[in-house]
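A.B. asks: kindly generate the corresponding structure for this input.
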Amino acid sequence: MVKEYEEKTENFLKENNKEVKINYAGRKKYFAGDKEERDVYNVVVKDKNSGNKETFKYGASINDTYENKKPTKDEVLWAIQMDKNSYENSNNADDFSDEYGYDKKEGKKIYSKVEENSKKYDKVFDENNKEELDKLYEDY
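C.D. replies: Have a look, this model is predicted:
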């Protein structure tokens, strides 16, 4: 099943003239409340048609960090897609905090990052791409 998503993701990228590069950025505490360091990556998404390029941060799981497992394109695109969807499904930071169980202060910080990622997303993916990715990752 994992290979299936990797193949479908590669097909999506090729068909839509997108490029994804995953670059190791170091090991650090990434998420609010992290007790341990994890591998962090810069994910560069490029729309070859427009030339637009955006960089997203990706924090690997602690388990993947200890197993020295580099994330795959499907894993990082799914995470970027989830940020986009969580932003679109929230009216504001308070709504986001309530929906995802954050206290208001922490939720506002995270919402701000998700909002930033959503704006970056819109520069490299169009609405048709979003629909395709939603469908691709609906059972991920």
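A.B. asks: CA only for contacts and neighbour counts going forward, please
C.D. replies: OK.
A.B. asks: now the spatially most central residue of the chain: how far from Lys8?
C.D. replies: Residue closest to the mean C-alpha point of the chain, counted by C-alpha atoms, centre = their mean, is Ile80 at 2.0 Å. According to C-alpha to C-alpha, to the nearest Å, Ile80 and Lys8 sit 16 Å apart.
A.B. asks: what's the answer for Asp122, then?
C.D. replies: Taking C-alpha to C-alpha, one finds Asp122 at 21 Å from Lys8.
A.B. asks: cool, and Val40?
C.D. replies: 24 Å.
A.B. asks: who has more neighbours, these two?
C.D. replies: The neighbour comparison of Val40 against Lys8 (other C-alpha atoms under 10 Å) goes to Val40, with 23 against 15.
A.B. asks: wait, the more buried one touches Phe31, no?
C.D. replies: No - counting by C-alpha atoms under 8 Å, Phe31 is not a contact partner of Val40; they are 10.3 Å apart.
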